[in-house]
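Chemist: How does the following fold in three dimensions:
(4 chains)
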Protein chains: 4
Amino acid sequence: MAFTDSSTTLAEIKTRVLDFARERDWEQFHAPKNLSMALAAEAGELMEHFLWATPEASRTIAQDAVKIQKIEEELADVVIYALEFANMTGIDVAAAIEKKMAANAAKYPVEKSKGRSDKYTEL
Amino acid sequence: MAFTDSSTTLAEIKTRVLDFARERDWEQFHAPKNLSMALAAEAGELMEHFLWATPEASRTIAQDAVKIQKIEEELADVVIYALEFANMTGIDVAAAIEKKMAANAAKYPVEKSKGRSDKYTEL
Amino acid sequence: MAFTDSSTTLAEIKTRVLDFARERDWEQFHAPKNLSMALAAEAGELMEHFLWATPEASRTIAQDAVKIQKIEEELADVVIYALEFANMTGIDVAAAIEKKMAANAAKYPVEKSKGRSDKYTEL
Amino acid sequence: MAFTDSSTTLAEIKTRVLDFARERDWEQFHAPKNLSMALAAEAGELMEHFLWATPEASRTIAQDAVKIQKIEEELADVVIYALEFANMTGIDVAAAIEKKMAANAAKYPVEKSKGRSDKYTEL
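Modeler: Numbering: from 1, shown residues only, chains lettered A, B, ... in the order given. Below you'll find the model as predicted:
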């Protein structure tokens, strides 16, 4: 069955990514250090689409039929490396996100942070 | 129900992340440009745990009971921003990953890339 | 004599940075891989000051008397790592910049690129 | 006179970089936010040369006659953006580096940090 956000679990993607690496005997290269670098490098490539645009203009760029293809590829690379990092370190990503969002909710209570982009230390 | 990789879909996390932003009226700040920056900045924080370690030593760092807590938080931030980026741009992340992995499989056939870390252009 | 941009050469800063590393026996950690990571991580910290601001607002942030102190530190870290990278790889940074700017001038002729932020491939 | 590290001051390169931007009417795009992104993206490209190599192997990569050409270009881009960032924000980079290195010397006294890559908080 094809992958879609509405039907695919994190674990299914993690397994696919891990199988890909194992078939190529690439786990030896997938140290956390190396994967964190690859992730950051791909995040840099994603940014390159938006360097000189205003934030508002970046919304339009992301709707461009040609550009969105490249943007999707960069985002896919980012998440692939993030999930392979999780594979190599034994992190449950969904659980980590739930925990982090609970911490974020405590740092950014709705009444204090509504409509404001300030860091929690400055609210 | 608590989030876990084995039971949680991408869409469920995307919805949680989007609801968090909407409750705080933060969609106005979540332009693709800004989210790509936040993602790259968090990827940088993840890397900081491994700057001076060898790749092998980075595997040990990631098993340290104290450090893994921080590492999990940085990884969670990375994936949160990646999924909010997908929310704001209408990308189906699981589908994009499947497509990108098919392209990767064509660039890195098992027989040519097995045990090698070379870029496909140098295989 | 104190360092200032108007009187200090790249070589003088490179020597200072190299001496600092040698006194601590840190050259063993200063492999190009590690320095490129440290550089990217510091670049990420520099970005964090501007994540949610518009480009125009970021000009104001950089004039804030308190924030500019932190921003200066991040920028210093970036250039320190860039120069130590040059130390470890034998790169003459000033010569490399001159060469790169000549290439940039050819890619971005004034008449074509004036007032435009497009990539040279789209001019 | 040609630029070389031994004879060129930071101010001379800053002026060259600023003139390049002004001739093209690019200062409008050179908000600190945008320059910090461009800097981080170029740092990401520099890293890409070393993703899967060990730190030791990265020293060899940097001596490869072909690869060093590309590496020099990425490093040049990093420093160009760092200096243009300094132009736009009024930072004296050499002075900032001197100040930062004094702070680093206090955080990393020779006797405590010699031969160790630990963060100062863990010395």
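Chemist: Please, where are all the helices along chain A?
Modeler: Here chain A has its helices, by DSSP state H, at A:10-23, A:32-48, A:55-61, A:67-89, A:93-107, A:110-113.
Chemist: The shortest one close to chain B?
Modeler: To tie it back to what came earlier, the one meant is helix A:110-113. Yes: interface with chain B: helix A:110-113 contributes A:110, A:113 (C-beta under 8 Å from any C-beta of the partner chain). The C-beta positions use only the backbone N, C-alpha and C, and glycine is treated the same way.
Chemist: Quickly check: that helix near chain C or not.
Modeler: No: judged by C-beta under 8 Å from any C-beta, helix A:110-113 makes no contact with chain C; its nearest approach is 11.6 Å.
Chemist: gap between A:L123 and B:A76?
Modeler: When distance is defined by C-beta to C-beta, to the nearest Å, A:L123 is 21 Å away from B:A76.
Chemist: who has more neighbours, these two?
Modeler: Taking other C-beta atoms under 10 Å in any protein chain shown, A:L123 and B:A76 do not tie; B:A76 has more neighbours (25 against 11).
Chemist: Would you enumerate the residues in contact with that one?
Modeler: Neighbouring residues of B:A76 by C-beta atoms under 8 Å, 6 or more residues apart in numbering or on different chains: A:93, A:96-97, A:99-101.
Chemist: repeat that with 7 Å
Modeler: Counting by C-beta atoms under 7 Å, 6 or more residues apart in numbering or on different chains, B:A76 makes contact with A:96-97, A:100.
Chemist: and what of A:M88?
Modeler: Contacts of A:M88 by C-beta under 7 Å, 6+ apart are A:30, A:32, A:35.
Chemist: one more time with 10 Å, if that's ok
Modeler: A:18, A:21, A:27, A:30-32, A:34-35, B:58-59, B:62 (C-beta atoms under 10 Å, 6 or more residues apart in numbering or on different chains).
Chemist: Next: A:S117.
Modeler: Residues in contact with A:S117, defined by C-beta under 10 Å, 6+ apart, are B:24, B:26, B:28-30, B:34, C:51-53, C:57.
Chemist: gap between it and A:E74?
Modeler: Counting by C-beta to C-beta, the separation of A:S117 from A:E74 is 24 Å.
Chemist: Tell me which residues of stretch A:7-24 come out buried.
Modeler: If you call a residue buried by 16 or more other C-beta atoms under 10 Å in any protein chain shown, then stretch A:7-24 has these buried ones: A:8-14, A:16-18, A:20-21, A:24.
Chemist: Write out the residues of chain A neighbouring chain D.
Modeler: Contact residues, chain A versus chain D (C-beta under 10 Å from any C-beta of the partner chain): A:26, A:28-31, A:33-35, A:37-38, A:40-55.
Chemist: cutoff 8 Å now
Modeler: So chain A meets chain D at A:29, A:34, A:37-38, A:40-45, A:47-48, A:50-52 (C-beta under 8 Å from any C-beta).
Chemist: if we take the residues you listed, which one ends up nearest to chain D?
Modeler: A:G44 (2.5 Å; C-beta to the nearest C-beta).
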